[in-house]
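here's my sequence, what's the structure:
(one chain, ligands or ions: 1)
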Amino acid sequence: MIVSVWRYSHLLFAIISSIFLLIASITGVILAVEPISNKIEPYSVSGADELSLAETLENLNAKYEEILAISRDRNGFISVTAIVDGKNEAFYVNPFTGERLGALLQKKPLFQFATNLHRSLFLKSTGRFLIGLASFLLILITISGIVLIAKRQGGYRQFFAPVVRENFSQYNHVVYARFSLIPLLVLAITGVYLSLLRFDVIPDTQVALQVDFDSIQEEPFKEYTEFDLFKTTPLSELRELEYPFSEFVEDYYIIRLKNKEVYLNQVTGDVLAEEKYPTVQVMSSWATVLHTGEGSILWSIVLGLGSLAIPFLTVTGFIVYFKRPKTKIKNTYNKNEGTYVVLVGTEGGTTLQFAQEFHKQLLSIGKKSHLALMNQYTHFKKMEHLIVITATYGQGEAPASAEKFVHLVKKHPQKQAFNFSVVGFGSTAYPNFCQFAYETHEVLETSNNSTALQEVFTVNDQSFEAFNNWCATWSKKVGLNILLEKPKLATNSLPPSTFEVINKAEIPEDDTFLLSLKNLNDSKPISGDLLSVIPEEGARERLYSIGKLNAETLLISIRRHEQGLCSNYLHQLGQNEKLTATVVDNRNFHFPKNAKKTIFIATGTGIGPFLGMIEENSHKKEIHMYWGARTTNSFNLYKNYIDKALQDGKLTNFKNAYSRNQPEKIYVQHLIKQDKELFVEVLKKKGCIMICGSIAMQKEVLQELQQLCNEHLGKDLSHYQNRKQIKMDCY
Ligand SMILES: Cc1cc2nc3c(=O)[nH]c(=O)nc-3n(C[C@H](O)[C@H](O)[C@H](O)COP(=O)(O)O)c2cc1C
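A predicted model of the protein is given here:
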């Protein structure tokens, strides 16, 4: 709920201010160029800042007959206003020689236009107010953004940890927001400050020095080069020095330094009045520098990039929001009528869509089903079956709509007996896979009158296939017949492609076979992506991991099930026959480009994607493979590929674990124990471990790795999972 409040505030502020922020950001990018183009003008004189005011005045007085003022701007350029040939002129000079360097910079028309639009949208005070308001909203957007990133990353300490990629917009929104946070916050705060100053909400106090004319002395006379202030003040401190208006002693030097203003007797060099700038004035000066980047190429670039991030973050932010599935809950039976109660824990809305499909099918077979959010848990009068379907967020925490669930279960004990089942939606890309589902199961198990019908069932990456499997086992247990339809989710799949079967190899005793497919379309799968096959109209899709042997040829390794519709369909395909299937992007399971050493762990047909990754290892990076199967015979299907890869140096090492070759069973997890030094080294040196095969094997392997991390690395396994050093695709 708290996350939702932050999320909706973030969105609301963005909607209100988006147009103004877009204008301000685009003009801001243009204006960031101005200080850079000014700074690179050739008016900077090296070593000038170390000159004293006395030396500067001496050099310039020698060159010009009548100087009215000397200035130093934020770029460090020195200019004089002097009467030359009877005319009042202002120009840049070399303070060592007095040489004229060029005319004062004039604002270019483009920058003038951009400045007006940026400050006031050409709407005078109304425009200034709107821009000020947009800056204020930008502060709120940035703060709510910081909170949202921290929540997503699992805490402020993890703020800069790698972001798990779900899709382009979500990933880049978070990544670029983190980069641009500081410049955006600075731009927003200084923007608000400058607006408040403009509207006199912050009074622009200036120094107002008073000179006591009665006490002005005409003696002792001193050369101006001997004035203490002139001798001790470097030119770098100067903003502006105004010469006395006349030679009368009542007229004095006005010197504006970086931190104070001083009036100096032109005859004796005595200080007539002096005052430090008020805090507001110093702050205003800083706000201007920080907001405009004046005088610093580096800060101007940072601000320019920050401004550029605004349109990008606006567009990706809106895409993230509008892609989020939105569904309302409608109920035919209220909470007191439903015998089946389906509760959902969701944050992004996808889990709700699965739950809705399940609820719809229960209703369609005449069951009284009531659907609600987990936060709406209460006393359900007629409930006999409770089905909880929940996602996991943060670091294994409850999603927004289930935050109160644990508390509510304790608060509302059910008066009648009921059985329950928990389905966890999560992603193995996160360290605490479906943890909240396990917590939910535990709390329900200890609640009044409850009986667990099944263990927690987990669904990785919103796999409809897995959810459907759960539904099949659940329906069987309760004696129902439910057929689910796949919800229309935004998936990463490409349009369907056509493939031609070019080879089939098989080990009949093992019920496994390898299909080599020629890719006849433009789809460019990568080893580790998935091939979605629908064996006949209306049937469920099946996903197979792809191994890519070369640009044209893909390999899929399949286990044939006696009653399996899809595995038998693929099995009966003959040479040159065509297959229509869809490539699904599985970016969390691609070969790691930056790892120097990689370990593959697979059982059975899980070897498929690895055969492609090995084949593509043209740089001969170190790859160690651990493969588990029943007997030596199972290996014959892959032997040629592995032998050739070892010969070509594309595979460093291959070790197998055959469970039925010898009296005692050997599994891949036993090999991990044997070779623990290698595993420790790979994790330590930022290498990667990839796991593909059965969920049962994955559990055992993760347990072994967890132990190894605790004993030898002093870190939790999740540390490496967070850094994408462990990649999994298990089913
Ligand atoms: C910020 C964030 C954190 C997540 N943390 C976890 C996690 O700790 N464990 C897990 O199994 N899944 C995690 N997931 C994956 C979600 O549980 C999964 O994508 C789920 O299907 C989302 O369902 P929803 O759209 O209904 O919220 C996380 C997803 C996001 C975006």
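
give me the neighbour count for the residue in the stretch 301-450 of the chain positioned nearest to the ligand.
Using C-beta to the nearest ligand atom, residue 426 is the residue of the stretch 301-450 of the chain that sits closest to the ligand, at 2.2 Å. Heads up, the C-betas are built off the backbone N, CA and C, glycines and all. Close neighbours of residue 426, defined as other C-beta atoms under 10 Å, add up to 23.

that one contacts residue 437, correct?
Yes: the criterion here is C-beta atoms under 8 Å, and residue 426 meets it with residue 437 at 7.2 Å.

which parts of the chain sit against the ligand?
Proximity of the chain to the ligand, by C-beta under 6 Å from any ligand atom, involves residues 152, 166, 346-351, 391-396, 399, 425-427, 430, 432-435, 462.

mark which of those are buried, thanks.
Buried residues within the residues of the chain next to the ligand, counting neighbours by 16 or more other C-beta atoms under 10 Å: 152, 166, 346-351, 391-394, 396, 399, 425-427, 430, 432-435, 462.

returning to what we had before: what residues do residue 426 and residue 437 have in common as contacts?
392, 458 (C-beta atoms under 8 Å, 6 or more residues apart in numbering).

what strand or helix carries the nearest residue to residue 251 once chain neighbours are set aside?
Leaving aside its chain neighbours, residue 251 sits nearest to residue 244 (3.8 Å; criterion: C-beta to C-beta, 6 or more residues apart in numbering). Using DSSP states H and E, residue 244 falls within no helix or strand.

with residue 183 instead?
Judged by DSSP H and E, residue 183 forms part of helix 168-198.

C-terminal to that helix, what's the next element?
helix 228-232.

and that following helix, how far from the chain's centre?
Offset of helix 228-232 from its chain centre (C-alpha atoms, centre = their mean, to the nearest Å): 54 Å.

same question, stretch 224-239
51 Å.

what pLDDT does the residue of the stretch 301-450 of the chain closest to the ligand get?
We note a pLDDT of 90 for residue 426 in this prediction.

so what's it bridging to?
residue 460 (DSSP bridges).

quick one: residues contacting it.
Neighbours of residue 426 in contact, by C-beta under 8 Å, 6+ apart: 391, 392, 433, 434, 435, 437, 458, 459, 460.

can we see that at 10 Å?
351, 390-393, 396, 432-437, 458-462 (C-beta atoms under 10 Å, 6 or more residues apart in numbering).

got the CA coordinates for the helix or strand of the chain with the lowest mean pLDDT in PDB?
When the helices and strands of the chain are scored by mean pLDDT, DSSP states H and E, helix 717-722 comes last with a mean of 74. C-alpha atoms of helix 717-722 as PDB (Å, rounded to 0.1, in the frame of the first residue of the first chain):
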ATOM      1  CA  LEU A 717      24.200 -16.900  -2.100                       C
ATOM      2  CA  SER A 718      21.800 -14.000  -2.800                       C
ATOM      3  CA  HIS A 719      24.900 -11.700  -3.000                       C
ATOM      4  CA  TYR A 720      25.900 -13.600  -6.200                       C
ATOM      5  CA  GLN A 721      22.400 -14.000  -7.500                       C
ATOM      6  CA  ASN A 722      21.900 -10.200  -7.200                       C
END
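
now do stretch 600-612: distance to the chain's middle.
How far stretch 600-612 lies from its chain's middle: 31 Å, per C-alpha atoms, centre = their mean.

got it, and stretch 497-507?
So, by C-alpha atoms, centre = their mean, the centroid of stretch 497-507 is 40 Å from its chain's centroid.

number of residues surrounding the residue of the stretch 601-731 of the chain found nearest the ligand?
Taking C-beta to the nearest ligand atom as the measure, the stretch 601-731 of the chain has residue 718 as its residue closest to the ligand, at 9.2 Å. Around residue 718 there are 18 other residues, counting by other C-beta under 10 Å.

who touches it in this structure?
Neighbours of residue 718 in contact, by C-beta under 10 Å, 6+ apart: 154, 395, 396, 430, 431, 432, 433, 706, 709, 726.

secondary structure and pLDDT added to these, as JSON lines?
Shown next, in JSON lines, are these (DSSP: H, G, I helix; E, B strand; the rest coil; pLDDT from 0 to 100):
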{"residue": "154", "secondary structure": "coil", "pLDDT": "72"}
{"residue": "395", "secondary structure": "coil", "pLDDT": "73"}
{"residue": "396", "secondary structure": "coil", "pLDDT": "84"}
{"residue": "430", "secondary structure": "coil", "pLDDT": "74"}
{"residue": "431", "secondary structure": "coil", "pLDDT": "69"}
{"residue": "432", "secondary structure": "coil", "pLDDT": "82"}
{"residue": "433", "secondary structure": "coil", "pLDDT": "86"}
{"residue": "706", "secondary structure": "helix", "pLDDT": "88"}
{"residue": "709", "secondary structure": "helix", "pLDDT": "91"}
{"residue": "726", "secondary structure": "strand", "pLDDT": "87"}
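
so the residue in the stretch 501-650 of the chain that the ligand sits nearest to versus residue 526, what's the distance?
Here the stretch 501-650 of the chain gets closest to the ligand at one residue, residue 588, 11.3 Å apart by C-beta to the nearest ligand atom. According to C-beta to C-beta, to the nearest Å, residue 588 and residue 526 sit 12 Å apart.

likewise residue 151?
Counting by C-beta to C-beta, the gap from residue 151 to residue 526 is 32 Å.

now do residue 118
From residue 118 to residue 526 the distance is 45 Å (C-beta to C-beta).

pretty sure residue 568 sits in a helix.
Yes: assessed with DSSP: H, G, I helix; E, B strand; the rest coil, residue 568 lies in a helix.

next up, the contacts around it.
Counting by C-beta under 10 Å, 6+ apart, residue 568 has contacts 535, 558, 560, 561, 562.

that's a helix at residue 239, yeah?
No: with three-state DSSP as the criterion, residue 239 is strand rather than part of a helix.

test my guess that it contacts residue 233.
No: using C-beta atoms under 10 Å, residue 239 is not in contact with residue 233, being 11.4 Å away.

what do those two both touch?
Counting by C-beta under 10 Å, 6+ apart, the contacts common to residue 239 and residue 233 are 255, 257.

higher neighbour count, those two?
residue 233 (19 against 15).

so residue 261, which state does it fall into?
Residue 261 is classified as strand under three-state DSSP.

where's it relative to the ligand, distance?
From residue 261 over to the ligand the distance is 54 Å, taken as C-beta to the nearest ligand atom, to the nearest Å.

give the contact list for that residue.
Per C-beta under 10 Å, 6+ apart, neighbours of residue 261: 206-209, 239-240, 254-255, 273-277, 281.

which among these end up buried?
240, 254, 255, 273, 277.

any low-confidence regions in the protein?
In the predicted model, the chain carries pLDDT under 70 at residues 1-3, 325-327, 429, 431, 488-494, 538-540, 722.

looking at the stretch 51-200 of the chain, what residue ends up closest to the ligand?
Across the stretch 51-200 of the chain, the shortest distance to the ligand (C-beta to the nearest ligand atom) belongs to residue 152, at 3.8 Å.

quickly find the element holding that residue.
helix 124-153.

ditto for residue 255
Residue 255 belongs to strand 252-257, assigned by DSSP H and E.

same check, this time on residue 354
helix 350-364.

other SSEs contacting that helix?
Helix 350-364 is packed against strand 340-345, strand 369-373, strand 385-391, strand 418-426, helix 464-478, with contacts defined by 3 or more C-beta pairs under 10 Å, 6 or more residues apart in numbering; DSSP states H and E.

could those go into CSV alongside distance to residue 515?
Below are the helices and strands packed on helix 350-364 laid out as CSV (distance: least, C-beta to C-beta, whole Å):
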stretch, distance to residue 515
strand 340-345, 38
strand 369-373, 41
strand 385-391, 35
strand 418-426, 31
helix 464-478, 19
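
do you know which of these lies nearest residue 511?
helix 464-478 (19.0 Å; C-beta to C-beta).
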